[in-house]
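> here is my input; please provide its structure:
(one chain, ligands or ions: 1)
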Amino acid sequence: MNTTPGRPPHAPTAVLIGAPTDVGAGHRGASMGPEALRVAGLQPALESHGLQVIDSGNLSGPNNPWKPPVDGYRHLPEVVLWNQAVFDAVYGELAQGRLPILLGGDHCLGLGSVSAVAKHCRETGKKLRVLWLDAHADFNTSELTPSGNVHGMPVACLCGLGPAELTGLGGHTPALRPDQIRQIGIRSVDEGEKRLVHEQGLEVFDMRFIDEHGMRHAMVQALAGLDDNTHLHVSFDVDFLDPEIAPGVGTTIPGGPTYREAQLCMEMIADSGCLGSLDIVELNPALDVRNKTAVLAVDLVESLFGKSTLMRERDRR
Ligand SMILES: [Mn+2]
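Presented below is the predicted three-dimensional model:
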């Protein structure tokens, strides 16, 4: 029975799952992300909002061999092993009625995490909406990418485009339909990737859209159609944020959401009441300045779980 004072009724217990790896990235250092988020106080910050939080520690997997790509993929066997571990952990927590928070690690891990969420939703008859907050579309394939870094491919793999070891991770290919995904904050898409995103019909709220219509309108549209039976998964790549406020990522792209825009984005997601799982990925402490990007990520995640400046309508109900 839930007896924590101030805890929202029916709030599930959140579980932190660390996945300290950078096997899918082009820079080393995202493997230190889980610890930086802990040092920035993620667990007490969430607990201060009445949420019950368990830190399940870190998953383990192979070291980063730091080798060139083979047949278009870099470190594919290692990426598969890490994603299997993430899949099992996230699926296990969802099956127990908990809310998994994946602490990456690079964004290739979104594959294991979202595949697990998709399987859970198929089995429980829930609708699924995935919000992909990112500077990049992550819709590359081995034919399109010169680097072979799998952190540029997870959305394509989730939609069934990629190696069978990754597209079939959750036992169902594709794991997702493009119409279940909304991408927000996008501002760097490779040439071939642009064509593929268009062909697949992904709904993208890129920075041009946010400049022209505002974050509020982007989020109203991205969250449209959610109902009580919808599981909302947020895959938060920290490079979504403008590098002026969030320098601690491997691939900084200028012109991202400001602090206020990012807060509004998170608060509107919280207001939906549908958040069921979260990834926090690509935080790279080796490139950060006195852990400020981790502190900012914690601040934003607090908003995602309902911190707001004033008491809003939903708190008074
Ligand atoms: Mn990403």
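
> going forward, measure contacts between C-alpha atoms and count neighbours the same way
Noted.

> quick check: the nearest residue to residue 297 once chain neighbours are set aside vs residue 292, distance?
Nearest residue to residue 297 in three dimensions, chain neighbours excluded: residue 238, at 7.2 Å (C-alpha to C-alpha, 6 or more residues apart in numbering). For residue 238, the distance to residue 292 (C-alpha to C-alpha, to the nearest Å) stands at 12 Å.

> swap in residue 160?
36 Å.

> cool, and residue 122?
For residue 122, the distance to residue 292 - C-alpha to C-alpha - is 38 Å.

> one more: residue 223?
Distance from residue 223 to residue 292, by C-alpha to C-alpha: 29 Å.

> if we can go back for a sec, who's more crowded, residue 160 and residue 292?
Looking at residue 160 and residue 292 with other C-alpha atoms under 10 Å, you find the greater number of neighbours at residue 160, namely 20 against 17.

> what sits against that one?
Counting by C-alpha atoms under 8 Å, 6 or more residues apart in numbering, residue 160 touches 167-168, 173-176.

> from these, keep the buried residues only.
When the contacts of residue 160 are checked for burial by 16 or more other C-alpha atoms under 10 Å, the buried set is 167-168, 173-176.

> measure residue 215 to residue 61 for me?
38 Å.

> for the two, indicate the residue with more neighbours.
Between residue 215 and residue 61, counted using other C-alpha under 10 Å, residue 215 has the larger neighbour count: 24 against 19.

> what secondary structure does the more buried one sit in?
At residue 215 the chain is in helix, as set by DSSP: H, G, I helix; E, B strand; the rest coil.

> run a quick neighbour tally on the residue nearest to residue 297.
29.

> same thing with residue 249?
Residues lying near residue 249 (other C-alpha under 10 Å) number 27.

> what do you get for residue 99?
21.

> ok, residue 222 next?
Around residue 222 sit 21 other residues, with neighbours defined as other C-alpha under 10 Å.

> make 468 the starting number, not 1.
In the new numbering, first residue 468, that becomes residue 689.

> ok, it to residue 636 distance?
Relative to residue 636, and taking C-alpha to C-alpha, residue 689 is found at 26 Å.

> now tell me what touches the host helix or strand of residue 568 from outside.
Taking DSSP states H and E as the criterion, residue 568 maps to strand 566-571. Here strand 566-571 makes contact (C-alpha under 8 Å, 6+ apart) with 479-488, 497-498, 500-501, 504, 557, 560-561, 580, 743-750.

> and it, average pLDDT?
Throughout strand 566-571, pLDDT has a mean value of 98.

> stretch 659-668 too?
94.

> pull out the buried residues from it.
By neighbour count with 16+ other C-alpha under 10 Å, stretch 659-668 contains the buried residues 660, 663-664.

> which one of those residues is nearest residue 647?
Taking C-alpha to C-alpha as the measure, residue 664 is the one of these closest to residue 647, at 13.7 Å.

> surely residue 527 is within a strand?
No - going by three-state DSSP, the assignment for residue 527 is coil, not a strand.

> any idea which element the nearest residue to residue 611 once chain neighbours are set aside lies in?
Among residues not flanking residue 611 along the chain, residue 659 sits closest, at 5.8 Å (C-alpha to C-alpha, 6+ apart). Per DSSP H and E, residue 659 falls inside helix 658-667.

> list the buried residues for the helix or strand following that helix?
Going down the chain from helix 658-667, the next helix or strand is strand 670-673, by DSSP H and E. Buried residues in strand 670-673, counting neighbours by 16+ other C-alpha under 10 Å, are found at 670-673.

> check stretch 535-543 too.
536, 539-543.

> so which of these is the closest to residue 616?
So of the buried residues of stretch 535-543, ranked by how close each gets to residue 616 (C-alpha to C-alpha), first place is residue 541, at 5.4 Å.

> my guess is that closest one meets residue 615, correct?
Yes - using C-alpha atoms under 8 Å, residue 541 is in contact with residue 615, at 5.1 Å.

> all helices of the stretch 618-767 of the chain, in order?
621-625, 631-634, 658-667, 674-689, 726-739, 759-771 (DSSP state H, counting those that start in this stretch).

> rewinding a little: partner strands of the strand holding residue 568 and their direction?
strand 481-486 (parallel), strand 742-748 (parallel) (DSSP bridges).

> tell me the first helix or strand C-terminal of it.
Next along from strand 566-571, by DSSP H and E: helix 577-591.

> helix or strand next in line after that next one, which one?
Past helix 577-591, the next helix or strand by DSSP H and E is strand 594-600.

> residues in contact with that following strand?
Outside strand 594-600, the residues touching it (C-alpha under 8 Å, 6+ apart) are 585, 588, 647-653, 689, 693, 696-704, 707.

> now, of those, which are buried?
Looks like those have 585, 588, 648-653, 689, 693, 697-704, 707 buried, using 16+ other C-alpha under 10 Å.

> okay, and which of these map to strands?
Those of those mapping onto strands are 648-653, 697-704, per DSSP state E.

> closest one of the residues you listed to residue 622?
Looking across these and measuring by C-alpha to C-alpha, the closest to residue 622 is residue 648, at 8.9 Å.
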